[in-house]
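Q: sequence? don't have it. structure:
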């Protein structure tokens with residue numbers, strides 16, 4: 001080992017020691033030498049030493065190399081102005097030579113870091129500044145023989161490179177580049193895929209580790225196909241379509257009891273066979289979306305394959321991606337000209353009972369997220385982040401089927417909803433999951449169009465929303481025990497928020513007190529949904545005017561404010577942006593009517609502001625906090641100028657902290673509010689205002 005490489009390896013070994021001071025010193029040393037010529041090459045040589053160094057040291061070096069590439073391969077102008085130097089061209093050339101070989105020979109964890117670095121490099125350099133990359137990969141692939149480690153490395157590398165073609169708009173330059181890339185690599189990829197498929201029967205009876213490696217390679221080849229086909233089929237891929245579809249059909253139909261048993265033993269982890277089938281489902285869904293005519297003759301076969309796959313999928317988390325990808329394909333079929341495959345009532349019944357209902361039911365894992373990670377639950381459930389959940393995929397399938405068979409599907413699901421509600425009624429304590437599923441199913445069947453501003457705007461007229469609301473939703477909201485059945489209460493709040501435009505104004509007004517009561521729930525999701533419902537009610541307009549009048553809200557304004565500020569005292573909601581957005585909306589909605597409680601409200605906001613200034617963590621919360629202060633000044637101080645000095649004095653400690661400690665992310669907000677205060681002031685300016693001016697001038701200078 002070269003002495004310089006040995007010394008650098010020793011530094012990396014210190015970064016993985018338990019001594020924090022030792023780690024800090026080692027990191028500082030690496031930072032000090034990272035700008036030196038040849039540093040990137042030296043780091044790769046450390047990785048290339050092999051297992052003698054230990055995997056943790058090599059992994060530390062790989063992470064360091066990835067970050068080096070990220071910041072120095074093509075530094076931003078700002079980075080260069082601060083002293084970051086781009087890697088010299090001759091060093092880049094050597095790095096490219098070393099990197100490809102290391103991708104083929106390193107363990108998976110290290111390869112993953114190198115793969116990210118290679119993706120960054122190829123995004124800048126491939127193919128114009130790295131024309132030899134693909135020919136080298138093809139040469140290594142053809143020479144690999146039965147060496148699955150080399151094949152895995154080549155496929156990992158190619159997958160990293162070709163991700164650039166996903167979600168790209170077709171243009172002449174891209175089409176020409178893609179055609180050249182495909183001509184070089186795709187024939188060899190297809191050859192390798194067919195060889196792997198041919199190996200599966202024998203591998204299924206042999207060593208399971210080798211079988212898992214084969215399945216992993218097949219998944220990588222499927223992801224490569226997805227990348228190269230994303231812009232649409234080129235003539236080459238169109239000519240090869242039969243061969244690729246034969247391979248995908250075989251892979252999607254392949255099962256292995258031993259692999260299934262291994263995967264079942266780790267229910268939270270995605271197994272290699274499930275990952276492969278997920279990749280196949282993504283490919284056939286892509287082809288149906290972008291090349292439906294070319295794909296026509298395969299639709300029925302793959303619909304049956306996907307159906308059978310879903311019938312074998314369990315509820316364990318490790319199969320979530322497979323379940324979602326498979327349901328996404330069926331949804332695409334339902335929304336295409338091939339929806340007649342589902343026209344038979346018996347087929348619809350099997351889809352509903354075998355696929356939709358099992359995947360709509362809440363699982364233990366969902367309940368755990370509700371309790372332990374409420375912000376993630378909210379992100380998935382009401383912020384559109386549920387595109388990566390089974391429930392969303394099942395709901396999308398419901399909507400797609402309803403679009404083409406509205407009467408038939410609505411009647412069928414009405415029966416299922418009745419059965420679920422009967423299950424709940426028979427045992428409300430243990431049967432709450434059935435009612436949760438019923439509420440979710442009603443929303444999936446009913447909502448045909450919605451916007452962020454109004455919620456549901458177009459609905460299924462065959463569903464009586466008001467009856468379901470009165471009989472099933474309202475009792476949950478009026479339950480005096482705000483901490484019982486929290487998921488059902490969250491469902492009810494989501495229901496009224498979604499259908500706010502469909503509910504009469506009198507109903508929205510009547511819902512304010514129970515929503516205010518639910519602000520007192522100890523469950524973060526529940527009081528966040530309650531705040532969201534109130535905020536959306538207040539923002540709802542019709543014909544350019546607010547649906548609710550100030551006279552509707554004033555009688556509950558004080559308990560509403562008390563409820564919102566009390567909810568902030570929950571340890572997990574101290575910086576809850578949903579609560580703060582409701583505060584902002586209430587202040588803006590009531591305007592000058594806030595005047596009697598404005599000083600107390602301002603003091604509460606100023607205290608919170610002082611706390612978040614010390615450690616800003618939640619950008620959304622911070623934004624609504626400052627907007628609340630600005631709204632209070634606009635409607636409070638502007639209406640009663642005599643209170644201006646009180647406003648300035650109350651805000652001074654927080655603003656003083658921001659400016660004195662240079663909390664830069666808050667500067668724009670402080671200057672905005674400062675401008676408001678100055679505009680409302682009459683000469684001569686108060687001492688606090690003068691201090692603000694001097695502090696601002698000092699920062700600007």
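A: Ah, there it is. Since the model is a prediction, treat every value here as computed from it, not as a measurement. Numbers count the residues shown, from 1 in each chain.

Q: I'd like to know how far residue 367 sits from residue 525.
A: For residue 367, the distance to residue 525 equals 11 Å [C-beta to C-beta, to the nearest Å]. Every C-beta, even on glycine, is put in place using the N, C-alpha and C of the backbone.

Q: same deal with residue 590?
A: On the measure of C-beta to C-beta, residue 590 and residue 525 end up 27 Å apart.

Q: Have a look at the two and say which one is more surrounded.
A: More crowded of residue 590 and residue 525, by other C-beta atoms under 10 Å: residue 525, with 25 against 21.

Q: Surely that one and residue 380 touch.
A: No - using C-beta atoms under 8 Å, residue 525 is not in contact with residue 380, being 10.7 Å away.

Q: rewinding a little: what is in contact with residue 367 and residue 525 at once?
A: residue 487 (C-beta atoms under 8 Å, 6 or more residues apart in numbering).

Q: show me the contacts for the closest residue to residue 256 other than its chain neighbours.
A: Spatial nearest neighbour of residue 256, chain neighbours left out: residue 204 (5.6 Å); criterion: C-beta to C-beta, 6 or more residues apart in numbering. Taking C-beta under 8 Å, 6+ apart, we find residue 204 in contact with 211, 254, 256.

Q: Compute the number of surrounding residues for the second one.
A: Taking other C-beta under 10 Å as the criterion, the count of residues near residue 254 is 18.

Q: Which residue comes closest to it once chain neighbours are left out?
A: Nearest one to residue 254, counting by C-beta to C-beta, 6+ apart, is residue 200 at 6.1 Å.

Q: three-state assignment of the one you found?
A: Classification of residue 200 using DSSP: H, G, I helix; E, B strand; the rest coil returns helix.

Q: thought it was touching residue 214?
A: Yes - look at residue 200 against residue 214 with C-beta under 8 Å: they come within range, at 6.8 Å.

Q: Neighbour count for those two, which is higher?
A: A side-by-side neighbour count of residue 200 and residue 214, using other C-beta under 10 Å, places residue 214 first with 22 against 16.

Q: Report the secondary structure state of the more buried one.
A: Quick answer, by three-state DSSP: residue 214 is helix.

Q: close enough to count as contact, it and residue 196?
A: Yes - under the criterion of C-beta under 8 Å, residue 214 is in contact with residue 196, at a separation of 5.6 Å.

Q: Can you report how many residues neighbour residue 18?
A: Neighbour tally, residue 18, other C-beta under 10 Å: 6.

Q: Just the element for residue 676, please.
A: helix 667-680 (DSSP states H and E).

Q: If you count contacts, what does that helix end up packed against?
A: Where contact means 3 or more C-beta pairs under 8 Å, 6 or more residues apart in numbering; DSSP states H and E, helix 667-680 is packed against helix 619-632, helix 644-660, helix 687-700.

Q: which parts of that helix are buried?
A: By neighbour count, with 16 or more other C-beta atoms under 10 Å as the criterion, the buried positions of helix 667-680 are 669-671, 673-674, 676-677.

Q: where does residue 677 land on pLDDT?
A: We have a pLDDT of 82 for residue 677.

Q: Likewise for the one 5 residues further on?
A: According to the predicted model, the pLDDT of residue 682 comes to 68.

Q: mind listing the strands for the stretch 501-650 of the chain?
A: Ranges of strands within the stretch 501-650 of the chain are 541-542, 545-546, based on DSSP state E, counting those that start in this stretch.
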